[in-house]
Structures are given as C-alpha cells and as structure tokens.
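> I'd like to go over a predicted model; first the sequence, then the structure.
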Amino acid sequence: MLTLLVKPSASITFTFNDLEVSAIPGQSVGAALLAAGDRVLRVTRFEKKPRAMFCGIGVCFDCLVVIDGAPNQRACITEVKAKMVVRTQVGGA
Amino acid sequence: MNSPDVIVIGAGVVGASCALALTNAGLRVLIIDRGPVASGTSGAGEGNILVSDKEPSPELTLALRSRNAWFEVNEDIGGGFELDGKGGVVISRSETGIAGLKKLAKAQRENGIDAREVNAAELRKLEPHISPTIEYGVYYPQDAQCQPMLAAAQMIRAVKKRGGKFVQGENVIAINSKNGQLTGLTTNKNTYSSPIVLNATGTWAGDIAKLAGSYLPIAPRRGFILVTVPAPELIFHKVYDADYVANIASGEADLQSSAVVEGTASGTILIGASRERVGFKSEFEIPILRQLAQQAISVFPILKELQLLRAYRGFRPYAPDHLPVIGEDGNISGLWHAAGHEGAGIVLAPATAELITAEILGKTPFMDPTPFSPKRFMNQNPSAGVNVAS
Amino acid sequence: MKPEPARVVVVGGGPAGLSAALNAALSGASVLLIDSSSRLGGQYWRHLPETWLEQSELHLDLDTGLLLISAVANHPKIEIWSGAEIWSATHEDGAATLRLITNGVEKIITTKALVLATGAYDRTLPFPGWDIPGVMTPGGAQSLIKGNGIAVGKRVVVAGSGPFLLPVAAGLAQVGCEVIELLEANSPLRWLKSLPTLIQNLSKIGEAAHYIAIFNRFGVRPKFNRAVVAAHANQDGELESVSIAKIDSNFKIKKIERVKCDVAAIGWGFTADTSLAGALLLKQLVTKDEGVAVLVDENQESSIAGIFAAGEITGIGGSELSIAEGVIAGLAAAKYIGCKAEISNNHHKTRAKKQKFAKALISSYPVKSGWQSWLTDETIICRCEEVKYSKLKFAVTELGATDSRTAKLLSRCGMGMCQGRICGRFVVDLVANESGISPSDISEKERISVGNRPIITPISIELLANGE
Ligand SMILES: Cc1cc2nc3c(=O)[nH]c(=O)nc-3n(C[C@H](O)[C@H](O)[C@H](O)COP(=O)(O)OP(=O)(O)OC[C@H]3O[C@@H](n4cnc5c(N)ncnc54)[C@H](O)[C@@H]3O)c2cc1C
Ligand SMILES: Cc1cc2nc3c(=O)[nH]c(=O)nc-3n(C[C@H](O)[C@H](O)[C@H](O)COP(=O)(O)OP(=O)(O)OC[C@H]3O[C@@H](n4cnc5c(N)ncnc54)[C@H](O)[C@@H]3O)c2cc1C
Ligand code: FES
C-alpha cells in the first residue's frame, strides 16, 4: 500500500480554538485540521448545526472559519501559515 | 373568475395591497401580472417603511397612515413578511445638515411624527458601531421595515384565500373601453371583462395608460443596493445620512447616493441606495457600488470588515413632481391608477390601497386624495411633446 | 486607467487554461494567466508542492500535467498570477475589464482578448442528512489527497453516478481508506455500454483496467442501481452511517439498508462554473445533462468577439477535451490580437473525437428525477441559508413562485454565501416539479439564470470602497 503521508520538508504550527496544531507547509487550513482530527469547522447561524468541508475546492462556503480575526475564510482553499490563529466560526462570525 | 369586480394589473407591493383592501371591502378581485409575484421593482429594492424622510406634506400624511396600516395588514393576514418596527436614525455631520434636520424634525413633530433629537452619547446607545465623527442624529421610533417580496406574496396569498384570483404570466396588451367607459382588458392569452381596471404596474404604468389612450408621465429611476455577507447583529435601526432626504427632492439626472444602512432578519446588511435617471439601463456599474461602499463605511467603519456578497438594482417609478399617482384616470372612466411611488412604494402601499378602495366605493377617504390625482397630468398632451424624463 | 498592452488574458489554470496560455504564447502573444488556486493545474492536475513525495502512482496523468505546468511557468511570454480570484467582470467597447483580488489587494485589468477556462465543480443532489459533517463531494475527497496528502477518513462510502467515482474510489483505497461501498446509481448496462468508448478514447488505454486492478487489490466491489439516500449523525452531530437504497431506473427507492461509515463521498457529475461568463453576458446553453455551458463557435469564440471559452465551461467533457479546446482557444485568441496562429484541421479533429466521447459518457450517467422522492420536509435544500424542503415548497404552493428566482427570493434558497452554486441547479427542478412543470418544459432561460451572479466571489467592503 502506498502510505500517504508525505515526508514534509518542514512542519509548522498554528492554533485552532487556542490549541496548537501542526501542519505541513502547502496544506490547506481545512486539510491540516482534518489531519489533526478536527473535522467540524463552523456552527450554522440558525440551527447551530456543525459543518465541515463539503466541496473541498472553494465553491460551497461550508468550511468557513475565522482566521486571524477575519471571519468567512474558506478553510479548504486557504493555505496554512505558521502562527495562524484559527477559530470555529459560529454563525456569521 | 368569470366576472371580477376589479382587475388589478401588477403583482407588486402596490397591486397586492390594493387587491387585499378591495377584497376585504367585499369586491371580487382578479390580479394579472406578466411575471410572477414581485417580479418588478418590489422584488428589486429595499423594504424601508419610513416616515422620517418626508417633509410635512400630503405624502407625509399618506406615509404616516400607511406605516400604521402595515401593522394592521400584518395582523390581518397573519404576518410572514418580516415586518419589524425597529425605528430609524437619521444622522448628519455638517452644520447645515444638522440645522436642516432640526428644522425638519420640529415640523414633523407638529404633524404627529415621533422625532427625537439624540446627542452623541444617546446615538451610541442606539447604534454602538456608528462612526465617532457623528455626533448628532434624530431617532424615529415609527420607522419600520419589511421584506417586500414576501409582503406582496403573503397579501396575494390572503386575497386568494378570500376568493380572489391571481393569474401570472399574462402580459396586458390592450385596455378595452367603449365610449370612454372601460370594459376590460386583453392579455397575450385572454380577454377579461370588468367594469374597473386598476393600473398598478409601477414603472411601467405609463405604458398601460397609453394602451388605454390616456397619459401618465412615469419614468424609471435606477437604484443599486449592496448586500453584505451574513453578520452578527451590528446595526440595530435603519440608519441613513441626511443627504438621502435632500437627494429625493433634487431633480438632477446625475448619480446621487447616500448611505442607507440596515440589518435584515437573515443577518445580511443592506447598503443603499443610489438614484439616477438613466432609463432602464441594467448594466452593473462598479463605480456606483464603490461609492455606496464608501458612504456606508463613513457611517459605520465596522462595515470594512464585512464582505460584499451580492448587488442588485431596480427601477423606481417616478412622476415629474415626485408624487404617486392614485385615483381614477381623467380620460377613461373605470380605469384607475395606483403607481409612480418612486422610492416610497413599500411604505405607501397600504394607505394607497385605502385611498383607492374608498374612492372606488364612493366613500370618504381618510385624507384628501386630490394631490395624487392622475388628473393633474390631464392637460399635458404627450403629442405636444411633453418631455418625459427617461 | 492607462491603456493595457495587447495581450491574451487567460482565466483558469486547469488543463484548458494551461493549454490556451501555452499555445497563445507559442504563437507569439504575451499572456497573463490568472488562477485562483495557489498552485497551477486546476482540478485535474491538483498536486502537492514539489518538495513532497512522488505521487504519480496516485495520479495517472500527472506527468503530462507537470510538464505542461512547467512549460507554462517557464515561458518568457507568460506572466502568472496564482491565488488571484476575479470578483467582477464587465465588457464594454470591445474590451473586458476584470477586477480581481490577490494577496488582499484589488487589481484591475482590461483586455481585448480573453480566454475563460474556469472549469467545473461536483454536481450534488440534496438528501436527508447531506449537511452532516462527513458527507462531502468526491472531488472534495480527492482534493484532500491530491492537493494535501491526507486521507479523508477511515470507512468511506463512494456513491453517486459517473466515471469520476472510479478514480476517487481508487485514490481513497490507495491512501489507506477502507472503501466499504462504491455505488453507481445507474445500471451496469449503461455503464458497460460506455466502457468501450472510454477505453477506445483514452490515450492511456489501461485506465479502466488500472482502476479495476486497484479495486481487486483492495477488495472494492462496485455495485449498481444503488444510492445513498440518507445520512445519519452520531451524538456529536457527525456522520455515523448512511442509508443505502437499491433504486429503480428512475432512482425511486426499492429497499434500504444501513451502513456504518465516517465519510460519504457523493457526486453526480459536474456543474460548469459559468459565473464569470454570466457576468460578461456571454450566451449560454443548456446541455444534455441539464447543465449550463458557454456557447462557442468552432474556434472556441463566445457570443462576444474576442472572448473565448474552453474546458468544462463549454460543456462537461473531461481533461482531454479540455486540453483540445484550450489549444484552439489559445491559438484563436492569439490570432485575434494579430499574432500568426494556425488552427488546423487536426486540432478540430482531435476535439471532435473527444467531444463524441464526452457525449457518450454523459448519456450513460443520467440523473433521474426519482431522487426528489428521497427528500423529507425537514431536508436541508440550501445549505448556506439552512432552508428546508418544506419552506421551498411553501414558496411555491402558498406564495405562488413558479420560477426559481421567485422561489429564491421568497424562501432564501440560493441567497447564501455560495450564491446558489450548490443548490441553484436542483432548485430549478424542485420548483418545476412543485409547480407541475415537467422537466423537459423547464425553459433554457430558467436553467441559465441560476448561474447569474454579478458579484462572482465575495469582496471586502473596504477593498470595494478603496478601488478605482
Ligand atoms: C434600489 C431601490 C430601493 C428602494 N427602497 C425602497 C424602500 O426602502 N422603501 C420604499 O418604500 N420603497 C423603496 N423603493 C421603491 C419601491 O421598491 C417601489 O416604489 C415599489 O416597489 C413599487 O411597487 P409597485 O407595486 O408599484 O411596482 P412593481 O413592484 O414594479 O410592480 C409592477 C408589476 O406590474 C407588472 N406589469 C408591468 N407591466 C405589465 C403588463 N403590461 N402586463 C402585466 N403586468 C405588468 C410587472 O411585472 C410588475 O410585477 C426602492 C426602489 C429601488 C429601486
Ligand atoms: C474536484 C475535482 C476533481 C476532479 N478530478 C478529476 C480527475 O481525477 N480526473 C478527471 O478526468 N477529471 C477530473 N475532474 C474533472 C475536471 O473538471 C476536468 O477533467 C478538468 O480539470 C477540466 O479542466 P478545466 O481546465 O476546464 O477546468 P479546471 O481544471 O476546473 O480549472 C479551472 C481553474 O479556474 C480557476 N478559476 C475558476 N474561477 C475563477 C475565478 N473567478 N478567478 C480566478 N480563477 C478561477 C479555478 O481555480 C481552477 O484552477 C475533476 C473535477 C473536480 C471539480
Ligand atoms: S469546502 Fe466548499 S468552500 Fe471549502
């Protein structure tokens, strides 16, 4: 079997809801979080339901997170950067 | 429906309001629209129900009655159109602007409007995110808001439940009359007879008048609106810059705009509105969107952090004197008009419906309808080259 | 604004856009290639950064892609703006103006010659529970592998319809996911019928065999006439199981069983991303799969002179057709600005061959209206605005909507952040069904209009205000 994971040239860290997560440069925020076991990225506005990545390519806007204070960032297409502060987006922000 | 008492052309907010009032008065109503419900200007504007932006005038009397009538309609049909009496705040930063506002508020108070001057601290209690450069405003608790498309749809739903009928997808192509007396109308699909036809076609009302051999100088005035992404509640009232008031009365074709900012039930924030007379020009003009964004940020700097999600535009129906046209046609008896409400069709709709209904039934209306009468254009002969602004 | 030099602007860095850019440049044109992704390649050649492990085993055709990408990247006449998303486009006086956001800055360019190659995304259908975390598109599951080097979950169900399910299932198996079900909604007869065309048309003849070998190796057994018709959440609200139904040829449910899984990757072919084309008011048409495509002539020129379109936005047809169209569009655009470029018979022939294949494929994997019977009143229709099926039906039956625009304004379906990209297409069918309009009577205008979004992607109000 082909074992995926990647011999990263380097690993970087960022935080998700104040907890440290490590990632490989070049990964998307959503992918790095999924790899770390965090699938749920936001909570919906009306019914407060959890949501995760759906389309994976920036089309559906279901993977919205708050990055460095800015809401509505698509986790699936935003490349992760060291020291990013990422939070679950609850409702509109 | 074989023989309606009244045919209403137009399923916008004005047509729907009139249909509801006429139905409630016991008449059998048939509504005809070439498109679906609210497919005209009512589906392309905002839902401000403002008394704050009008000087003491017949229009203000109409607006004040209408504002209350909206809440009665809400009761009557069981809501469902996001009616919210959230109140409005009008601000100004210039000395002359503030002086104008003070004067306006005073005159309005004398005419039954609740207009409360607020200072910087009170303003911040009403709107915590308002720009620090703004220190004066007038608070209007009576200003309200609704979702106009839902309002039209819910009113028509009630009309249907009460025995009326709505035919969509039929374009009225002829108004039929005999010896100056209306007999009915013809669409691209059918002919209907009726003693009364109410022209509630908004921006297109002049075309219907023309079909009947009469004349109404109604022209389009374009407006763009920005819609932000859904956000937590940041803006609590309808907030607008005093220039907005000035712009309505101004007669220039050039682009005019000033910030009108409001939150909606769905969490988006609406930023309006521009006003220009460019005919039915539908292209998206980015410079106008930019201007609206600038003005909104100048009132609410926090909007910088939001994103623009959508933009849309509509065409307000306006008459040269900026007053709505409500009443019976001067040339064809049985043809009535309720159109030309410009940027106030939502607020004025239910009171317009009351005027029309009272007049059709020969009852005394709650106010003198003469200023709105279509007859004011009667001696303006179009063939003599009256210039209808386009 | 200062006048722009004559050049060809290409939007989209997938197979079509790359081919267009390279061929325009080879004909002597200066080219600006704009792509919203951070790495060129589009959906098909999505790849990890070069420093990562070799991944060719995961991806049949990546070598071709990397070759093309490096040819484009190293061509002196091609300037590349990656990570640049166009938010607005207009056309006036023979030139297109594109406004885009890159690194948080807005840039504006105008061009006489434009090639659109904005591609496609997975076509989805709603069903009860499709909003539960763990349900996603096959393309999404694949992009996690190809672009991020991660496996999406442990126990995966792959379902829907179309040939794209095969590489996705194979890729998932290869990276260590247990592909517990691979479900094709259509019948094996349709499937087998398309296989010869498939094999005959692939330059790499072994593609189908390759996938079958992988399935054998990992014990994946494809099943037909089956679909995921509901998903169920655990206490945390995440995916726990799916209901798999045996369905008839119209997709109506015959028998249901539950299967435990943590990921369900479900897709029904592709939807072309025509937002940019719509903003530019290019003529569009409805394709055989009820999708929308940009109308082009034999040289890939759209209804507006100087604007060319290639790849999935002119009709779903796979990467090879995208390349064939991209080549022609690049040459034609170069020619349009006065370069010497020759579009030969061969170019047209290659494209025709791929088109035939695409047509055969699309008719092999129809989406039948029986899917609508999977919905309950509680099913979410618009994911963004959380609009339930009952609310959409209310807009039609009670509030009188008979078209999807009115239904949208009265129910909020399609009014959210994705601007109807996900639900717009099937809301048209639901509204028609509810109003008693048969699918074949749905107007072209109605289908095309759901792709109209003058603001193509959200832009910060601050950037908007500060722009020229
Ligand atoms: C940007 C913008 C913002 C606005 N904001 C506000 C606001 O905040 N508050 C406010 O009060 N007002 C506002 N307005 C104004 C308001 O929207 C209009 O005054 C109002 O919608 C007019 O309603 P109506 O029913 O007269 O016309 P419409 O809603 O246009 O209805 C007319 C109907 O007639 C039909 N019709 C036309 N010709 C024919 C024919 N030949 N046969 C059959 N049917 C026909 C059309 O299809 C249409 O449905 C705004 C307008 C714009 C453009
Ligand atoms: C997720 C996914 C995975 C796929 N995997 C396969 C596969 O494995 N095998 C296969 O045969 N087919 C696959 N396909 C089908 C695929 O669409 C085509 O085979 C091929 O990629 C189409 O090429 P294209 O050039 O037309 O578009 P794409 O490859 O989709 O490229 C379009 C590019 O345009 C960019 N773009 C779009 N809009 C804008 C904008 N407004 N501003 C800037 N840039 C923009 C996009 O970011 C993208 O990079 C996949 C499709 C998807 C959606
Ligand atoms: S998962 Fe769809 S936009 Fe990110």
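Received the coordinates, thanks. Ligands and ions are numbered 1, 2, ... in the order given.
> wasn't residue B:8 part of a strand?
Yes. Counting by DSSP: H, G, I helix; E, B strand; the rest coil, residue B:8 is part of a strand.
> ok, it to residue B:23 distance?
Using Cβ to Cβ, to the nearest Å, we find residue B:8 at a distance of 10 Å from residue B:23. (Each C-beta comes from the backbone N, C-alpha and C, glycine too.)
> got it, and residue B:276?
If you go by Cβ to Cβ, the gap between residue B:276 and residue B:23 works out to 37 Å.
> so for these two, which sits in the more crowded spot?
Comparing residue B:276 with residue B:23 by other Cβ atoms under 10 Å in any protein chain shown, the one with more neighbours is residue B:23, at 25 against 20.
> who does the helix or strand hosting the more buried one touch, helix- and strand-wise?
Using DSSP states H and E, residue B:23 maps to helix B:13-24. For helix B:13-24, the elements it packs on are strand B:6-9, strand B:29-33, helix B:58-77, helix B:148-161, strand B:196-199, strand B:335-339, helix B:345-361, judged by 3 or more Cβ pairs under 8 Å, 6 or more residues apart in numbering or on different chains; DSSP states H and E.
> chain A: which of those is closest?
For those, proximity to chain A was assessed by Cβ to the nearest Cβ; helix B:148-161 is nearest, at 16.8 Å.
> please parse chain C into its domains.
For chain C, the structural domains run C:8-121+C:271-343, C:124-268, C:375-437, going by automatic domain parsing.
> tabulate the ones you listed (JSON lines), appending distance to ligand 2 and mean pLDDT.
Below are the domains of chain C laid out as JSON lines (distance: least, Cβ to the nearest ligand atom, whole Å; pLDDT from 0 to 100):
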{"stretch": "domain C:8-121+C:271-343", "distance to ligand 2": "2", "mean pLDDT": "93"}
{"stretch": "domain C:124-268", "distance to ligand 2": "3", "mean pLDDT": "91"}
{"stretch": "domain C:375-437", "distance to ligand 2": "11", "mean pLDDT": "97"}
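> that older thread, mean neighbour count, distance to residue A:79 and mean pLDDT added to the helices and strands packed on helix B:13-24, as CSV?
Formatted as CSV, the helices and strands packed on helix B:13-24 follow (neighbours: other Cβ atoms under 10 Å in any protein chain shown; distance: least, Cβ to Cβ, whole Å; pLDDT from 0 to 100):
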stretch, mean neighbour count, distance to residue A:79, mean pLDDT
strand B:6-9, 28, 56, 98
strand B:29-33, 28, 50, 98
helix B:58-77, 19, 50, 97
helix B:148-161, 25, 40, 98
strand B:196-199, 28, 58, 98
strand B:335-339, 28, 55, 98
helix B:345-361, 25, 45, 98
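> quick check: residues of the stretch 1-150 of chain C near chain A?
Taking Cβ under 8 Å from any Cβ of the partner chain as the criterion, the stretch 1-150 of chain C approaches chain A at residues C:36-38, C:43, C:48-49, C:51-53, C:57-58, C:121-122, C:131, C:133-137, C:139-145, C:147-150.
> which among those count as buried?
C:36-37, C:43, C:48-49, C:52, C:58, C:121-122, C:131, C:133-137, C:139-145, C:147-150 (16 or more other Cβ atoms under 10 Å in any protein chain shown).
> out of those, list just those in strands.
C:121-122, C:135-136 (DSSP state E).
> for residue B:267, helix, strand, or coil?
State at residue B:267, reduced to three classes by three-state DSSP: coil.
> need the contact list for it.
By Cβ atoms under 8 Å, 6 or more residues apart in numbering or on different chains, the contact set of residue B:267 is A:45, A:91-92, B:230-233.
> the same query, at a cut-off of 6 Å, please.
Applying Cβ atoms under 6 Å, 6 or more residues apart in numbering or on different chains, we find residue B:267 in contact with A:92, B:230.
> now it: phi and psi?
With angles defined as degrees, to the nearest 10, residue B:267 sits at phi 100, psi -10.
> can you check residue C:104 too?
phi 70, psi 10.
> neighbours around the nearest residue to residue C:298 once chain neighbours are set aside, how many?
Counting by Cβ to Cβ, 6 or more residues apart in numbering or on different chains, residue C:348 is the residue found nearest to residue C:298 once chain neighbours are left out, at 6.6 Å. Neighbour count for residue C:348, taken as other Cβ under 10 Å: 14.
> wait, a helix at residue C:348?
Yes. Judged by three-state DSSP, residue C:348 forms part of a helix.
> if I look at it, how far off is residue C:327?
According to Cβ to Cβ, residue C:348 stands 10 Å off from residue C:327.
> kindly report the same for residue C:168.
Noted for residue C:168: a distance of 27 Å to residue C:327, by Cβ to Cβ.
> so which of the helices and strands packed on helix B:13-24 comes closest to residue A:57?
Among those, helix B:148-161 comes nearest to residue A:57, with 32.5 Å by Cβ to Cβ.
> any idea which helix or strand comes after that closest one?
Using DSSP H and E, the helix or strand that directly follows helix B:148-161 along the chain is strand B:165-168.
> check which helices and strands the next helix or strand after that following strand sits against.
Note on strand B:165-168: by DSSP H and E, the next helix or strand toward the C-terminus is strand B:172-178. Judged by 3 or more Cβ pairs under 6 Å, 6 or more residues apart in numbering or on different chains; DSSP states H and E, strand B:172-178 is in contact with strand B:181-187.
> pLDDT on the helix holding residue B:23, on average?
Mean pLDDT, computed over helix B:13-24, is 98.
> could I get the CA-only coordinates of it as PDB?
Once non-C-alpha atoms are left out, helix B:13-24 reads as follows in PDB (Å, rounded to 0.1, in the frame of the first residue of the first chain):
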ATOM      1  CA  VAL B  13     -46.500  45.600  -3.400                       C
ATOM      2  CA  VAL B  14     -48.900  48.300  -4.500                       C
ATOM      3  CA  GLY B  15     -51.000  45.900  -6.600                       C
ATOM      4  CA  ALA B  16     -51.100  43.300  -3.800                       C
ATOM      5  CA  SER B  17     -52.000  45.900  -1.200                       C
ATOM      6  CA  CYS B  18     -54.800  47.200  -3.400                       C
ATOM      7  CA  ALA B  19     -56.100  43.700  -4.200                       C
ATOM      8  CA  LEU B  20     -56.200  42.900  -0.500                       C
ATOM      9  CA  ALA B  21     -58.000  46.100   0.500                       C
ATOM     10  CA  LEU B  22     -60.500  45.700  -2.300                       C
ATOM     11  CA  THR B  23     -61.100  42.000  -1.400                       C
ATOM     12  CA  ASN B  24     -61.600  43.000   2.200                       C
END
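> just the strands in chain A please.
Here chain A has its strands, by DSSP E, at A:12-16, A:19-23, A:42-43, A:50-51, A:64-67, A:70-74, A:85-90.
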